[in-house]
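**Student:** Next input, structure requested:
(2 chains)
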Protein chains: 2
Amino acid sequence: MTFTLEAKDAQSSARAGTMTTDHGVIETPIFMPVGTVGTVKGVHQRELKEEINPDIILGNTYHLYLRPGIQTIEKAGGLHKFMNWDRNILTDSGGYQVYSLSGRRKIKEEGVKFKSHIDGSYHVFTPENVMEIQRSIGADIIMAFDECTPYPCDYNYAKRSMHMTHRWLNRCINHLEKTPFKYDYSQTFFPIVQGSTYKDLRRQSAEYIANAGAEGNAIGGLSVGEPAEELYAMTEIVTEILPEDKPRYLMGVGTPINILENIALGVDMFDCVMPTRNARNGMLFTAYGSINIKNLKWKDDFSPIDDMAITWVDTEYSKAYLRHLFHANELLGKQIATIHNLGFYLWLTREARKHIIAGDFRDWKDKMVKQMNNRL
Amino acid sequence: MTFTLEAKDAQSSARAGTMTTDHGVIETPIFMPVGTVGTVKGVHQRELKEEINPDIILGNTYHLYLRPGIQTIEKAGGLHKFMNWDRNILTDSGGYQVYSLSGRRKIKEEGVKFKSHIDGSYHVFTPENVMEIQRSIGADIIMAFDECTPYPCDYNYAKRSMHMTHRWLNRCINHLEKTPFKYDYSQTFFPIVQGSTYKDLRRQSAEYIANAGAEGNAIGGLSVGEPAEELYAMTEIVTEILPEDKPRYLMGVGTPINILENIALGVDMFDCVMPTRNARNGMLFTAYGSINIKNLKWKDDFSPIDDMAITWVDTEYSKAYLRHLFHANELLGKQIATIHNLGFYLWLTREARKHIIAGDFRDWKDKMVKQMNNRL
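**Tutor:** Predicted structure coming up:
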């Protein structure tokens, strides 16, 4: 993988760059739609490519490992072939999912023993086997196995956990060196900064991760319930330390406003279930604020879903029709809202990139943050 | 509406025709995908048009009346505009839905009092108000209000009910004469033959309906649980009596085999929830038999869903991937299977038309019926 910085904003830490992998170019800043089990929920691969047009999507190691299982993915020739997606994929390491399994998992130095949410069967994730699993899934970017701490988190727990995540990182790196690529393209490994919401821990972790000399770096353990101010404070501390010439990925973030603010702090890559999950609940994001399409006010509003017409659904269907679909609990409602929201998120990061290159990112960002704060 | 017969099969009663309404041409035989509440479940209007390509779809008066409600549809300018579908639509009269509400409705000479399945509220359908509701929905073809009898049905009940359906037909016709079109296109009215599975009643009803002189005629009260032989026997009796120069619509039928057999008996139009509902349960119809995609045998079968490639989903996704989506209960699984099944049903009726015109329908039909009887 290569990464070239193309522009830096003079009034913020925002950057525009280009990553290149064996599956093509990723222009940053980028939002990566979440395709948990090898499908971005409710969206055909063709629509994803042609209408939403992301350079990269995300898959979840925990989910894919349980279903369809690594054997099936290997037989298919990797996740790209299994799901018929020829652009980039990033897989997380399962660290976050394991954290979400609270009460159904036991974290030890060796690894994590957990109970499947599907059938209650027991499994173990270690830094070593998670690297092998990610080799089998075959994403272009693979993540270190880490512990994601909750919010709030006791200082001593956060510190101990961070050190364990660092030791796990060494085990990941050692094991990857012994584990060749499974398919005819290479994979890039990103380590993850932890440290909860403690500035000194975040600094220490960022330095440790920076020293690992990876081709890209991630910030984990955020977007777990902390106020936006703490999220921004942690990002700022970490991006100041992480190398400038490597892409920076802020995991699991966030609202459109969170994304713009973190771009301003020097983040290049994002993923979040928010645009897709909220879509399935009838919440639409737009450049002028968010819409709860189930509300009575849209009952007889036959205007297009979004005049901006970022994707074809925005003008193909009216607000009243979409509201009706949600009230009747129709699949098509979820499909339309998902395409709309992902289209908007990708538009937003593409627009951010344009403004960084044009040199007016800061003003544009401030205007957008104000606008997007509305509830329509 | 005009109807021209283009070809008649020499070895069966199959016909190929063309109906023309203000929303365009309908080539028969035709299968009409069911769009209950103004959406063919899981399919974008654009996909429906471009990939599945039916000349006409169906909406349900009962469902649309309850939700979004007639006021909203009227304000939108009719169902075509509300759902953004510019081809033909047919609405049923609610007679079948009312029959399905068994235990929550009371049928009297005046009409039917029923309880909404959504909120338990009480409503009344009469031949008169159902005509007005269908004027407001604005379908191109609208149906008489009838009673659909259950199977099996006591002879005396079936006879009384048939006579009531005939009296209701007169009330429908009288009321329609006083009720102008609501939008800038015309509507065509189809009466419905009843009579349960009794030959003499079916004959009597078919004669009564034929005498009404409508522009098209329907056969109702079948596909309610009777064996296929009884279905075919009733269709045969009725199609022999219904005028040859008018389209014949067999309501709620059926499997791909049922459709071909009834085309052979002189039916021109069909609708059924089977391709869409079964799709959502993981059952696929193909020219070589049906597939339960959830079965273990497809787990590592990476071949295309259907080599025939009628719609793009057939080659875009593999059987193993589709099976995975169903096991993970993913929306995309239902979407893919629905497009596949509807694509297949429309292919089947288009193919039937071609063979009727080519003069080899009977042989082709016999071959297809044999093939499609398999479970793959």
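**Student:** and the longest helix belonging to chain A with helix B:331-358, angle?
**Tutor:** What stands out as the longest helix in chain A, according to DSSP state H, is helix A:331-358. Orientation check (axes from the mean of the first three to the mean of the last three C-alpha atoms, to 10 degrees): helix A:331-358 against helix B:331-358 gives 110 degrees.
**Student:** Just the C-alpha atoms of the next helix or strand after helix A:331-358, please, in PDB.
**Tutor:** Downstream of helix A:331-358, the next assigned helix or strand under DSSP states H and E is helix A:361-372. Output in PDB follows, covering the C-alpha atoms of helix A:361-372 (Å, rounded to 0.1, in the frame of the first residue of the first chain):
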ATOM      1  CA  PHE A 361     -12.200  23.600   4.200                       C
ATOM      2  CA  ARG A 362     -12.400  25.400   7.600                       C
ATOM      3  CA  ASP A 363     -15.200  27.800   6.500                       C
ATOM      4  CA  TRP A 364     -17.100  25.200   4.700                       C
ATOM      5  CA  LYS A 365     -16.800  22.800   7.700                       C
ATOM      6  CA  ASP A 366     -18.100  25.500  10.100                       C
ATOM      7  CA  LYS A 367     -21.100  26.200   7.900                       C
ATOM      8  CA  MET A 368     -21.900  22.600   7.400                       C
ATOM      9  CA  VAL A 369     -21.700  21.800  11.100                       C
ATOM     10  CA  LYS A 370     -24.100  24.600  11.800                       C
ATOM     11  CA  GLN A 371     -26.600  23.500   9.100                       C
ATOM     12  CA  MET A 372     -26.400  19.800   9.900                       C
END
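**Student:** Work out for me the element residue A:309 sits within.
**Tutor:** With DSSP H and E as the criterion, residue A:309 is inside neither a helix nor a strand.
**Student:** Helix, strand or coil: sort out the closest residue to it other than its chain neighbours for me.
**Tutor:** Nearest residue to residue A:309 in three dimensions, chain neighbours excluded: residue A:315, at 4.9 Å (C-beta to C-beta, 6 or more residues apart in numbering or on different chains). Glycine gets a C-beta too; all of them are placed from N, C-alpha and C. Reduced to three states with DSSP: H, G, I helix; E, B strand; the rest coil, the structure at residue A:315 is helix.
**Student:** need the contact list for residue A:315.
**Tutor:** Going by C-beta atoms under 8 Å, 6 or more residues apart in numbering or on different chains, residue A:315 touches A:304, A:305, A:306, A:307, A:309.
**Student:** roughly how far apart are the last one and chain B?
**Tutor:** Taking C-beta to the nearest C-beta, to the nearest Å as the measure, residue A:309 and chain B are separated by 14 Å.
**Student:** Tell me how many other residues crowd that residue.
**Tutor:** Residues lying near residue A:309 (other C-beta atoms under 10 Å in any protein chain shown) number 13.
**Student:** What pLDDT is listed against it?
**Tutor:** Here the pLDDT value assigned to residue A:309 is 97.
**Student:** and chain A, which residues reach chain B?
**Tutor:** Within chain A, the positions near chain B by C-beta under 8 Å from any C-beta of the partner chain are A:37-39, A:41-46, A:63, A:67-68, A:71-72, A:75-76, A:81-84, A:299-300, A:302, A:312-313, A:316-318, A:320-321, A:324-325, A:327-328, A:330-332, A:334-336.
**Student:** re the thing from before, let's have the contacts of residue A:315 in JSON lines, adding secondary structure.
**Tutor:** Below are these laid out as JSON lines (three-state DSSP):
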{"residue": "A:304", "secondary structure": "strand"}
{"residue": "A:305", "secondary structure": "coil"}
{"residue": "A:306", "secondary structure": "coil"}
{"residue": "A:307", "secondary structure": "coil"}
{"residue": "A:309", "secondary structure": "coil"}
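**Student:** Could you check which residue of the stretch 51-200 of chain A lies nearest chain B?
**Tutor:** With C-beta to the nearest C-beta as the measure, residue A:68 is the residue of the stretch 51-200 of chain A nearest to chain B, at 4.3 Å.
**Student:** can you pull the contacts of that residue?
**Tutor:** Residue A:68 touches A:37, A:38, A:82, B:299, B:320, B:324, B:327, counting by C-beta under 8 Å, 6+ apart.
**Student:** which among those residues gets closest to residue B:222?
**Tutor:** Here the nearest of the contacts of residue A:68 to residue B:222, counting by C-beta to C-beta, is residue B:327; it sits at 35.7 Å.
**Student:** what about the helix or strand hosting residue A:320, average pLDDT?
**Tutor:** Assigned by DSSP H and E, residue A:320 belongs to helix A:319-327. For helix A:319-327, the mean pLDDT works out to 98.
**Student:** same deal with stretch A:260-278?
**Tutor:** Here the average pLDDT along stretch A:260-278 is 98.
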